[in-house]
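Student: Have a look; sequence and predicted model below, questions after that.
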Amino acid sequence: MTKEGFPPVIITGVAQPRDDQRDVDSFRRLVRGDREALADLYDAHAGALFRHGMALTRRPTEADDLVQAVFVKLAKTGAPLLAVRNPANYMHRILHTAWIDGQRRPAATRESAVDADDLRQVAGAAIDQDSAIDIARSVAELPAAQREIVQLHLTEGFSFREAGRITGVSMFTAASRYRVALERLRQLMGKR
Amino acid sequence: MTDHTERQLLATGRPEPPSELRARVLAAAMPLVRADDSALDRLWFSPKWRIAVVISFVALAGVEVVSNRAAAPTAVAENQPVATPARAVALAAADLGLSPADTSSLVAQVRTSSNELQGANR
């Protein structure tokens, strides 16, 4: 998919509250073979998953692929979905795992410089476009693990415990990564 | 509590997925959905079922502990006097069918030898 294909739709503000019970019901419907449950889950979580993917890859096309990997995995999983108590965490964990798997492949795109178009997509229609691009550029300089924690905790509203479970680290490591990331961002944004 | 940096980050806006992605993802994933809800699966993966199994195990362990306590030997039984050698010999002689006279002579011998043994030890 080309970049020209999708003008970014930006929403500024805090994350929408999650509705675990509704998602658990959607999982049950999915296990019963109800395909519309997948559409409901997409509508509820695609935005957060896409941003998570963007935080990891910094590229919209790769974030798209990660979102698709999550829903393909959900469609294939079947009955074990009945045991999931926090569907949002579960889906973000699938995305994280898909990203790790992608990193292991030899042909995977490693961390590389992001171009101005990608930054503009991340910055979006914020209050001040220039400063937003500066912030996006600063965030892009962080390691993927730190960008991921900032995205999950600050933007999507996951607790450090949840973010730690999603990324496969302890709550303390997640909190530490977040603190280090913010410290680094303060330095980078102070320079600009 | 958010500081200035966090507020700046939140103000940068949140990118949303492209509108075409929905159709693409659902087209790829929906054909893979299949009904997989056998009664056994529903039972096995149900959180309520798992909690019920754990509670049952705890209850069974509790019953086991209580029943073991009830069956334990009482303190009275432990305090009963230990049979003396003479008494043991008398019981053994009775079991073997010896006459009361033989039994009493045997008991007398045992008492004598045990007294001698005690004297030697002192």
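Tutor: Structure's in. What do you need?

Student: and the most centrally placed residue in chain A, what does it touch?
Tutor: In chain A, the centroid-proximal residue (CA atoms, centre = their mean) is residue A:52; its distance is 0.8 Å. Going by CB atoms under 8 Å, 6 or more residues apart in numbering or on different chains, residue A:52 touches A:63, A:66, A:92, A:95-96, A:148, A:151-152, A:156. Quick note: C-beta positions are derived from backbone N, CA and C, even for glycine.

Student: of the residues you listed, closest to chain B?
Tutor: residue A:63 (7.6 Å; CB to the nearest CB).

Student: ok, the closest one - contacts?
Tutor: With CB under 8 Å, 6+ apart, residue A:63 has these contacts: A:50-54, A:56-57, B:17.

Student: which of these are the two that sit furthest away from each other?
Tutor: Spatially, the most separated pair among the contacts of residue A:63 is A:56 and B:17, at 14.4 Å (CB to CB).

Student: Residue B:114 touches residue B:85, doesn't it?
Tutor: Yes - because the distance of 5.6 Å satisfies CB atoms under 8 Å, residue B:114 is recorded as touching residue B:85.

Student: Rank the helices and strands of chain B by mean pLDDT and give me the bottom one.
Tutor: Lowest mean confidence among the helices and strands of chain B (mean pLDDT, DSSP states H and E): helix B:75-78, at a mean of 53.

Student: May I see the buried residues of the helix or strand just after it?
Tutor: Remark: after helix B:75-78, the chain's next helix or strand is helix B:85-96, criterion DSSP states H and E. Within helix B:85-96, the residues scored as buried using 16 or more other CB atoms under 10 Å in any protein chain shown are B:86, B:89-90, B:93.

Student: farthest pair in these?
Tutor: Among the buried residues of helix B:85-96, B:86 and B:93 lie farthest apart (CB to CB), at 10.5 Å.

Student: which neighbours do these two share?
Tutor: residue B:107.

Student: Could you list the buried residues of stretch A:93-109?
Tutor: A:93-99, A:102.

Student: pLDDT score assigned to the closest residue in space to residue B:111 that isn't next to it in sequence?
Tutor: Excluding its sequence neighbours, the residue lying closest to residue B:111 (CB to CB, 6 or more residues apart in numbering or on different chains) is residue B:86, at 5.1 Å. Listed pLDDT for residue B:86 reads 79.

Student: List the residues that contact residue B:86.
Tutor: Taking CB under 8 Å, 6+ apart, one finds B:107, B:110-111, B:114 in contact with residue B:86.

Student: what's the helix or strand for the residue nearest in space to the middle of chain B?
Tutor: The centroid of chain B falls nearest to residue B:61 when counting by CA atoms, centre = their mean (5.3 Å). Using DSSP H and E, residue B:61 maps to helix B:47-71.

Student: Average pLDDT for that helix, rounded please.
Tutor: pLDDT averaged over helix B:47-71 gives 87.

Student: now stretch B:8-23
Tutor: 88.

Student: Equivalent analysis for stretch A:93-106, please.
Tutor: Mean pLDDT, computed over stretch A:93-106, is 90.

Student: do it and chain B meet at all?
Tutor: No - remark: stretch A:93-106 sits outside contact range of chain B, by CB under 8 Å from any CB of the partner chain, the gap being at least 12.1 Å.
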